[in-house]
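Q: Got a sequence here, can you build the structure:
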Amino acid sequence: MRLLRAPAPAERRRSGAPRLGLCLSIVLLLLLSACGSTGGGSGSSSSAPGVSADTITIGGVLDTTGPIKVICSPILQGDQLYFSQINASGGVNGRKIKFIQVSDNGDSTRTRDAVRQLVEQDHVFAIFQVCGSGNANVAESYTVPRGIPFIDPIGGGSKYTDQNGKALPWVWMTQPNYGDEGHVIGYYVATTLKARSVALLYEDDVLGLQQKSTLSEALQKYGSKLVAAVGYNATQTDFSAAFQTLKAAAPDLIVLNGLPSPTARFVATAAAQGYRPRLGYLANYPMADNSWAKVLGATGEGIYVSGYTSMDTPVAQQYLQATRSDPVFSAYKFYGYINAKIMVDALRKAGSNPTRASLRDALDHGFVNYDTGFGPTLTWTPERHGGVSDFMFFQIKQGQLTPVSPFIKASAVWP
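A: As a prediction, the model looks like this:
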């Protein structure tokens, strides 16, 4: 602000009180203007990164070139579909959404640089989605210390609490964690499918280790037992040794934990040996998409799959109408569509002049028993940043995932 030169004594005598009052008024107006430009009010512009008079820029890291593109690419398509619909109807509080996506090739060692690019070069307002539990945890280590909102880390092993169980202040999950899912799977296979002995094939990292523990707990509670568990590397292609170990345990059912490609290879390996457990298989929710059933082909018939999306909702019907030309329904694409809706609702609740602080406040206080649009409700508070915790089960019938259970709340079966 330029300082006003004080008038000389002769000038003061000539100008008198009115002139001095005018100067003071100008200074006051300048001060008020400076204070009002910091954001958070009801004006038409904001000083927050990524927010201009007509645009809100957000960024995400979704693999479209590497090993998890089978999941991340259709999620991105769902994101883009919903954001396009919102922009066509005028945007959010008068601003269009600009969504910048970069790929880390599914490699968590490249995730930090991808997030840094979005924040430091593209100046995004918030991070919306990083695909893969391990990748999301790398992103969280960058965004949380800097106070950057991170909404919808994609992966049930993503961190949203600290080592003491306290909610991380700038991370909000939408999907369930694998621990809750393990409890519900254990309950379902023991009480509904009547499996007394269960084996587990699990991805030997953050994706599978938590579920291994909770699955065992629930099986024991409901009168069943985990008789064998074999871990594998996410890039593993040879499952002959894992097959022999699990077969030797003679389980009634094998739970498949991980990602579509390796779990499909395991099923194919077993089928080539003419083996299938008495009650078959049950896969966890990353496989809850018809694309996995297609890869399995005839060997997938009858396999159970955990999931948490229902199509019997108005938003789901809106999605089906918008994607009626798609050759097959994609649960991954629907996931992107739904979570883009959650992101848009959060931006609306952040106000007409959003800041990162107002977005945090909206996320912490504006999502209590929130209707997600796909079945389960979502609750976030300053102390709770976890995702939904309701699950349902599907079975592959004639190559399609078909619902075979209602929603089951994790809190209803554990502890």
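Q: all helices for the stretch 301-415 of the chain, in order.
A: With DSSP state H, counting those that start in this stretch, the ranges of helices along the stretch 301-415 of the chain come out as 314-322, 331-349, 356-365, 410-413.
Q: What helices and strands are in contact with the last one?
A: The criterion is 3 or more CB pairs under 8 Å, 6 or more residues apart in numbering; DSSP states H and E, and the helices and strands that helix 410-413 contacts are helix 178-191. For every residue, glycine as well, the C-beta is placed using N, CA and C.
Q: now this structure, which segments are flagged as low pLDDT?
A: 1-46 (pLDDT under 70).
Q: sorry, back to before: which of the helices of the stretch 301-415 of the chain is buried the deepest?
A: Per residue and on average, the most neighbours among the helices of the stretch 301-415 of the chain fall to helix 331-349, with a mean of 23 (mean count of other CB atoms under 10 Å).
Q: now the angle from that helix to helix 356-365?
A: 110 degrees (axes from the mean of the first three to the mean of the last three CA atoms, to 10 degrees).
Q: what angle sits between helix 331-349 and helix 314-322?
A: On the basis of the same axes, to 10 degrees, helix 331-349 is oriented at 120 degrees to helix 314-322.
Q: Can you lay out the helices of the stretch 301-415 of the chain as TSV showing distance to Tyr187?
A: Formatted as TSV, these follow (distance: least, CB to CB, whole Å):
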stretch	distance to Tyr187
helix 314-322	26
helix 331-349	22
helix 356-365	31
helix 410-413	4
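Q: Which one of the ones you listed lies nearest to Arg384?
A: The minimum distance between Arg384 and those falls on helix 356-365, with 9.0 Å, by CB to CB.
Q: Show the secondary-structure elements that the closest one is packed against.
A: With contacts taken as 3+ CB pairs under 8 Å, 6+ apart, helix 356-365 sits against helix 331-349.
Q: returning to what we had before: out of the helices of the stretch 301-415 of the chain, flag the one nearest Pro260.
A: Nearest of those to Pro260, taken as CB to CB: helix 331-349 at 9.8 Å.
Q: which other residues reach stretch 255-266?
A: By CB atoms under 8 Å, 6 or more residues apart in numbering, the surrounding residues in contact with stretch 255-266 are 67-68, 70-71, 178, 185, 189, 198-203, 207-208, 211-212, 215, 232, 234, 236-237, 239, 242-243, 267, 281-284, 286-287, 289, 291-292, 295-296.
Q: likewise stretch 217-228?
A: The contact list for stretch 217-228, computed with CB under 8 Å, 6+ apart, reads 182-187, 189-191, 195-200, 215-216, 245-246, 248-251, 413-414.
Q: Where does the most centrally placed residue in the chain sit: helix, strand or coil?
A: Closest residue to the average C-alpha location of the chain: Asp152 at 3.0 Å, with CA atoms, centre = their mean. At Asp152 the chain is in strand, as set by DSSP: H, G, I helix; E, B strand; the rest coil.
Q: ok, now which ones touch it?
A: Listed by CB under 8 Å, 6+ apart, the contact set of Asp152 reads Phe128, Gln129, Trp172, Met173, Thr174, Gln175, Asn339, Ile342, Met343.
Q: so who does Ile338 touch?
A: By CB under 8 Å, 6+ apart, the contact set of Ile338 is Gly78, Thr309, Val315, Tyr319, Thr372, Gly373, Phe374.
Q: Relative to Thr161, tell me which of the helices of the stretch 301-415 of the chain wins on proximity.
A: Here helix 356-365 is closest among the helices of the stretch 301-415 of the chain (CB to CB), at 14.5 Å.
Q: hey, where'd the strands end up in the stretch 101-250 of the chain?
A: For the stretch 101-250 of the chain, applying DSSP state E, counting those that start in this stretch gives strands covering 126-131, 150-154, 171-172, 197-203, 225-232.
Q: the strands in the stretch 251-400 of the chain, which residues?
A: 253-256, 281-283, 304-307, 370-371, 377-378, 390-397, 400-403.
Q: Gly91: neighbour count?
A: By the criterion of other CB atoms under 10 Å, Gly91 has 18 neighbours.
Q: Can you say which helix or strand has the residue nearest to it when sequence neighbours are not counted in it?
A: Nearest residue to Gly91 in three dimensions, chain neighbours excluded: Ile97, at 6.4 Å (CB to CB, 6 or more residues apart in numbering). Here Ile97, judged by DSSP states H and E, is contained in strand 96-102.
Q: Summarise which helices and strands that strand is packed against.
A: Contacts defined by 3+ CB pairs under 8 Å, 6+ apart place strand 96-102 against strand 55-61, helix 69-88.
Q: most tightly surrounded among those?
A: Of all those, strand 55-61 carries the top mean neighbour count, a mean of 24, counting by mean count of other CB under 10 Å.
Q: quick revisit: of all the contacts of Ile338, which two lie farthest apart?
A: Among these, the pair separated by the greatest distance (CB to CB) is Gly78 and Thr372, at 13.8 Å.
Q: beta partners for the residue nearest to Gly91?
A: Counting by DSSP bridges, Ile97 is bridged to Ile56.
Q: show me what contacts it?
A: Neighbour list for Ile97: Thr55, Ile56, Ile58, Phe83, Ile86, Asn87, Gly91, Val344, Leu347 [criterion: CB under 8 Å, 6+ apart].
Q: do Gly302 as well
A: Gly302 makes contact with Gly280, Gln395, Ile396, Lys397, according to CB under 8 Å, 6+ apart.
Q: what's the closest non-adjacent residue to the first one?
A: Take Gly280 and drop its neighbours on the chain: the residue closest to it by CB to CB, 6+ apart is Gly302, 5.3 Å away.
Q: and the gap between the one you found and Leu215?
A: Separation of Gly302 from Leu215 (CB to CB, to the nearest Å): 21 Å.
Q: for Gly373, same thing?
A: 29 Å.
Q: which of these two has more neighbours?
A: Leu215 (30 against 22).
Q: Go ahead and confirm Lys69 touches Asp63.
A: Yes: proximity of Lys69 to Asp63 meets the contact threshold set by CB atoms under 8 Å, at 5.0 Å.
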